[in-house]
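**Q** Sequence first, then the predicted structure, then my questions.
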Amino acid sequence: MHSVALLAMAFPIGAPALKDKPASAPSLVGRWECTALVVDGTANPQWKGLEYEFTKDGKWVIYRDGQLLDGRERTYRLDPKTRPGAMDVDEGPQPQTAAFRVERDTLQLAIGTGKSSRPAGPESTGKGIMTFSFRRVKAGN
């Protein structure tokens, strides 16, 4: 009888190992410095000095050369179910559809202008699309 108890102690029945929590995707929230802009399929130099900031409460702000561009309220809504990410941005009478991807400290963002449909992906270019490349602004920069 003692050998059975010792054997049971030697080979304990283990609970299944806890699975590691999957790494969460990098967040859109934060301030982003523009590194390139393509409008209607053509490179556009207006990216220089342009920064976007996305807040936790669904707002976004535009800066030009470190200064707030204007006091206009802008909002965004994410669709967490899509890959790449889908977003609606609003800064005027009609929301615009967008596609985005955050990878580490880079953001790719394509915004459909006017009444165009949502861009197929964050690197989409062509008529009716503004395509941005951003680098995350580090604290203290």
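**A** Yes, it's here. Just so you know, these numbers come straight off a predicted model, no measurement behind them. Numbering: from 1, shown residues only.
**Q** what's the spacing between stretch 129-141 and its chain's center?
**A** 11 Å (Cα atoms, centre = their mean, to the nearest Å).
**Q** can you list contacts of that stretch?
**A** Stretch 129-141 has contacts (Cβ atoms under 8 Å, 6 or more residues apart in numbering) with 30-41, 47, 51-52, 105-113, 116, 119, 122-125. To be clear about C-beta, it is placed using only N, CA and C from the backbone, and glycine gets the same treatment.
**Q** just checking, which of the residues you listed belong to strands?
**A** Among the contacts of stretch 129-141, the ones falling in strands (DSSP state E) are 30-39, 51-52, 106-112.
**Q** Give me the neighbour count for residue 72.
**A** 10 (other Cβ atoms under 10 Å).
**Q** what are the ranges of the helices in this structure?
**A** 2-10 (DSSP state H).
**Q** What distance do you get for the residue minimising distance to the centre of the chain to residue 67?
**A** Nearest to the geometric centre of the chain sits residue 28, at 3.7 Å (Cα atoms, centre = their mean). For residue 28, the distance to residue 67 equals 22 Å [Cβ to Cβ, to the nearest Å].
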